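K.L.:
coords please:
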Amino acid sequence: EMQLVESGGGLVQTGGSLRLSCAASEEISWPYAIGWFRQAPGKEREGVSTISIHGNTWYADSVKGRFTISSAAYTTYLQMNSLKPEDTAVYYCAAARYGLGSSSPDHYDYWGQGTQVTVSS
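P.N.:
Here you go, the predicted model:
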């Protein structure tokens, strides 16, 4: 079974930057899409950014121009710049076998444990 491990969360001031990492099991041989999602207290989990098996990317309107998704080997990154207090949430990465980069959490099969991002005002 595929394992995903997120890292890189933390506390940052408004306007600051963080880079999240999502490390996938190296023994996985089939192609997969990676999605970054976040969930704030009392809110539903929402898509933040995805990268498909073809390398196509998608961003939520709320993060366009500030966040960048990229991947190298078995690790996917989410570079987050110009952070705002409303970006505060637990961030999860997820993988979808042969995925096309859907923004819906329902289309993802494997999930990491999440990493907390807190942006202070």
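
K.L.:
which residues in the protein form strands?
P.N.:
4-7, 10-13, 18-24, 32-39, 46-51, 57-59, 67-72, 75-80, 89-97, 110-111, 115-120 (DSSP state E).

K.L.:
what pairs with the residue nearest the centre of the chain across the strands?
P.N.:
Compute the mean C-alpha point of the chain, and by C-alpha atoms, centre = their mean the closest residue is residue 36, 2.1 Å away. Beta bridges link residue 36 to residue 49, residue 93, judged by DSSP bridges.

K.L.:
And it, what's its pLDDT?
P.N.:
Note on residue 36: pLDDT of 98.

K.L.:
Repeat that for residue 19.
P.N.:
98.

K.L.:
same thing with the one 5 residues further on?
P.N.:
According to the per-residue confidence, residue 24 scores 91 in pLDDT.

K.L.:
you'd agree it is up against residue 6?
P.N.:
No: the criterion here is C-beta atoms under 8 Å, and residue 24 misses it with residue 6 at 10.7 Å. Where C-beta positions appear, they are placed from N, C-alpha and C, glycine not excepted.

K.L.:
Using PDB, list the CA coordinates for stretch 30-37.
P.N.:
Taking C-alpha atoms only, stretch 30-37 is exported to PDB below (Å, rounded to 0.1, in the frame of the first residue of the first chain):
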ATOM      1  CA  TRP A  30       2.300   2.900 -11.200                       C
ATOM      2  CA  PRO A  31       1.700   6.600 -12.100                       C
ATOM      3  CA  TYR A  32      -0.200   8.700  -9.700                       C
ATOM      4  CA  ALA A  33      -1.500  12.200  -9.300                       C
ATOM      5  CA  ILE A  34      -0.800  14.200  -6.200                       C
ATOM      6  CA  GLY A  35      -3.200  16.600  -4.600                       C
ATOM      7  CA  TRP A  36      -2.700  19.000  -1.700                       C
ATOM      8  CA  PHE A  37      -5.800  19.700   0.400                       C
END
